[in-house]
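In: can you look at this prediction? I've put the sequence above it.
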Amino acid sequence: MKTPINCIYMKPISLYFVLLFVSCFIYSQSIYALDNDKNQPISLNADKADIDDLNGVSVFIGNVTLTQGSLKLNANKLTAKYDKNRTIKNIIAETDHNSNSPATLKQLPEGEQDYIQAQADKINYMVEKNTIRLSGNAIFWQKNSVFRGEIIDYDIEQAKLKAIGKQTSSNQDRVHVTFEPQNTKQNKK
C-alpha cells in the first residue's frame, strides 16, 4: 500500500520525506505557466496529420512539434481531442515504441527565469483539469531539482506534484528526487 507523504506518494518513510516536503513548498511557490501562453496561437508541425472533425480527434505522427507561447512539446505522435467548438480538451504526446526519444515538454512559469521541463514515454495534458500526467520513465525538473518516477502527476493551477514508482521491490523502481542547493554555483567559485 502506498503511503501519502505530503504531495508525493512513496512506499517507505525515509530521508526522502524531508526532501519531498521541502520540494512541495518550493514548487508550490514557483510553478505557474505564463498566463499569456494560453492566449497565443498554436503552431504544430508533423510528418503526417489525420484530422477527424466529426469525432473531434486529430492525430499527428512523425517528428511532431507543438509551440504555444513559451510552451514547447515534442513527440513521435500527438493526439488532440476537442469539442464541437474546436476547444481542445486533451492532448496526448507519446513516443514511438521503436524510438529511444521520449516525448518532451518545456514551459516558462510566470515570473520565473528557469523553465520547467519534463519527459516521458507519454505526456497527457488534460486541459479542463489543467493537469499533466507523465507516464513511463517520467522525469520532471526545474532549476536544480529533478523528480523521477514511473508516473508523475502535475496540477498546474495548484502547483502540486505527485510521483509514483513502479510497483516492484527494487530500489531503482522507487521515486527518486535530487536537490542541489541554490548557491551551488557560488560554492564552486
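Out: Nice, I can see it. Residues are numbered from 1 along each chain as shown.
In: quick check: which helices or strands does the strand or helix carrying Ile123 pack against?
Out: Using DSSP states H and E, Ile123 maps to strand 122-126. Judged by 3 or more Cβ pairs under 8 Å, 6 or more residues apart in numbering; DSSP states H and E, strand 122-126 is in contact with strand 88-94, strand 103-107, strand 131-142. For the C-beta atoms, the positions are set from N, CA and C on the backbone; glycine is no exception.
In: which stretches of this structure form helices?
Out: Taking DSSP state H as the criterion, the chain carries its helices at 15-30, 184-188.
In: Ser101 - how many residues pack around it?
Out: By the measure other Cβ atoms under 10 Å, the count of residues near Ser101 is 12.
In: quick check: closest non-adjacent residue to Glu150.
Out: Nearest non-adjacent residue to Glu150, counting by Cβ to Cβ, 6 or more residues apart in numbering: Lys166, 4.5 Å away.
In: got the CA coordinates for the strand holding Ile123 in PDB?
Out: Taking Å, rounded to 0.1, in the frame of the first residue of the first chain, the C-alpha atoms of strand 122-126 are listed here in PDB:
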ATOM      1  CA  LYS A 122       3.600   9.500 -22.700                       C
ATOM      2  CA  ILE A 123       2.600  13.000 -21.700                       C
ATOM      3  CA  ASN A 124      -1.100  13.600 -21.200                       C
ATOM      4  CA  TYR A 125      -2.200  17.200 -20.800                       C
ATOM      5  CA  MET A 126      -5.800  17.300 -19.600                       C
END
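In: which residues does it contact?
Out: Applying Cβ atoms under 8 Å, 6 or more residues apart in numbering, the contact partners of strand 122-126 are 73, 75, 89-95, 103-105, 131-136.
In: now list the buried members of those residues.
Out: With burial judged by 16 or more other Cβ atoms under 10 Å, the buried subset of the contacts of strand 122-126 is 73, 75, 90-95, 103-105, 131-136.
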